[in-house]
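Enquirer: from the sequence below, what's the structure:
(one chain, ligands or ions: 1)
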Amino acid sequence: MHLVITGPTSGIGAEKVKALAPKFTKIFLLVRDMEKARTLVNKLNSQDKADKFILVYCDLADLASVKKAAAEIAKHTDSVDVLINNAGGIFPEKTTTKDQLELTFSANHLGHYLLTLQLMPLLTHNSGARIINVSSEAHKAASVDLTDLQFEKGYSSFKAYANAKLFNILFTKSLAEKFGDQHIEAYALHPGVVNTNFGQQSKGFFKLLLSLFKPFMISPKKGAETGIFLASVNKVPGKNGDYFKKSKVSSASKKAESKKLRDQIWDRSEKLVKAITENRA
Ligand SMILES: NC(=O)c1ccc[n+]([C@@H]2O[C@H](COP(=O)([O-])OP(=O)(O)OC[C@H]3O[C@@H](n4cnc5c(N)ncnc54)[C@H](OP(=O)(O)O)[C@@H]3O)[C@@H](O)[C@H]2O)c1
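Expert: Got it, this is the predicted structure:
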């Protein structure tokens, strides 16, 4: 059994790796900080570390790096059983990536969109793979302007984050719809409000909100539970494309159920990836 996970160097990603290590023979850790990844692996109790963990450089906000990471994985294996698209973040200032995209959109959504599609031949290889997308209840605050996906008209860190987390759910449902007949299962989840590095550079109202919530936040270990459950349970109790909270199917927003919106976001993502990767080739 082979696992690929993004964002394993911190928070709930690190806890997922710790818990899932005994269940997988190979674990690809997609990271942008190799030193942090080495520290994580050194702390693990796994006996067969040297063979099991493969560190792959991947900056999700750089599509060329995402493509390279997928190609690197394909050098080591022809099959992936579970892909956990876990990495993400909220960014206080508007930042434009190398690909000329807004960072929240790119790191939370488009990088994972490309990674998943690049890994699709490996995911479909064994007739039964699972893709787990870490979203958030924040998706319920999304308000999408399809004419301004890159926030050229004005930036709000929370709006950009809420929209990206909505796109994670729309993407999950599109994957179930488009690849379900090839035995691909896709699920999205909210991990809870978790005490991690998430939002640490925030400013203003969001920073105040985080500090007020801090005493009530759950631990990263607890926050990892739904992801661990979805990655390891034999049969997921729900239907393909569902959204989970506390290891149970939960209702996502009305927008997250919109077929029209998910097709629009898929189409826009496909066109952006094509334009950027062809431009850079
Ligand atoms: N914490 C919460 O309350 C909460 C609630 C709902 C949803 N979530 C979601 O849970 C997921 C994990 O977050 P967390 O709470 O564990 O936060 P975290 O401790 O900040 O971990 C985020 C992880 O994502 C990685 N990452 C960020 N940007 C990246 C990029 N451009 N390329 C590659 N990796 C990148 C980070 O790498 P570095 O170590 O290199 O920074 C880190 O490993 C995120 O998708 C977040 O949106 C969190």
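
Enquirer: how about the helices in the stretch 151-281 of the chain?
Expert: 157-179, 204-213, 220-223, 225-232, 259-280 (DSSP state H, counting those that start in this stretch).

Enquirer: next, the buried residues of the third one.
Expert: Okay, so that is helix 220-223. By neighbour count on 16 or more other Cβ atoms under 10 Å, the buried set for helix 220-223 is 220, 222-223. (Glycine included, C-beta is placed from N, CA and C.)

Enquirer: alpha carbons of it, in CSV - could you do that?
Expert: Taking Å, rounded to 0.1, in the frame of the first residue of the first chain, the C-alpha atoms of helix 220-223 are listed here in CSV:
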residue,chain,number,x,y,z
PRO,A,220,-3.3,18.2,16.0
LYS,A,221,-3.7,14.5,17.0
LYS,A,222,-7.4,14.9,17.4
GLY,A,223,-7.6,17.1,14.2
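
Enquirer: which of the helices of the stretch 151-281 of the chain has the highest mean neighbour count?
Expert: When those are scored by mean count of other Cβ atoms under 10 Å, the highest mean neighbour count falls to helix 157-179 (a mean of 23).

Enquirer: for that one, name the packing helices and strands.
Expert: helix 103-104, helix 111-123, strand 129-134, strand 184-190, helix 259-280 (3 or more Cβ pairs under 8 Å, 6 or more residues apart in numbering; DSSP states H and E).

Enquirer: dump these into a markdown table; add distance to the ligand and mean pLDDT as well.
Expert: As requested, these are exported to a markdown table (distance: least, Cβ to the nearest ligand atom, whole Å; pLDDT from 0 to 100):
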| stretch | distance to the ligand | mean pLDDT |
| --- | --- | --- |
| helix 103-104 | 8 | 98 |
| helix 111-123 | 7 | 98 |
| strand 129-134 | 4 | 98 |
| strand 184-190 | 6 | 98 |
| helix 259-280 | 15 | 95 |
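
Enquirer: so Leu83 is in which element?
Expert: Element membership of Leu83, judged by DSSP states H and E, is strand 82-85.

Enquirer: so what's Lys94 up against?
Expert: Contacts here follow Cβ atoms under 8 Å, 6 or more residues apart in numbering; on that basis Lys94 touches 102-103, 151, 155, 160.

Enquirer: try it again with 10 Å
Expert: Residues near Lys94 by Cβ atoms under 10 Å, 6 or more residues apart in numbering: 102-104, 150-152, 154-157, 160.

Enquirer: again, but for Asn133
Expert: 83-86, 88, 108-109, 112-113, 116, 165, 167-173, 175, 186-189, 227, 230, 243.

Enquirer: contacting residues for the residue in the stretch 51-200 of the chain that the ligand sits nearest to?
Expert: Nearest residue of the stretch 51-200 of the chain to the ligand (Cβ to the nearest ligand atom) works out as Gly88 at 2.4 Å. Contacts for Gly88 (Cβ under 10 Å, 6+ apart) come out as 6-7, 11, 13, 60, 104, 107-109, 111-112, 133-136, 161, 164-165, 168, 198.
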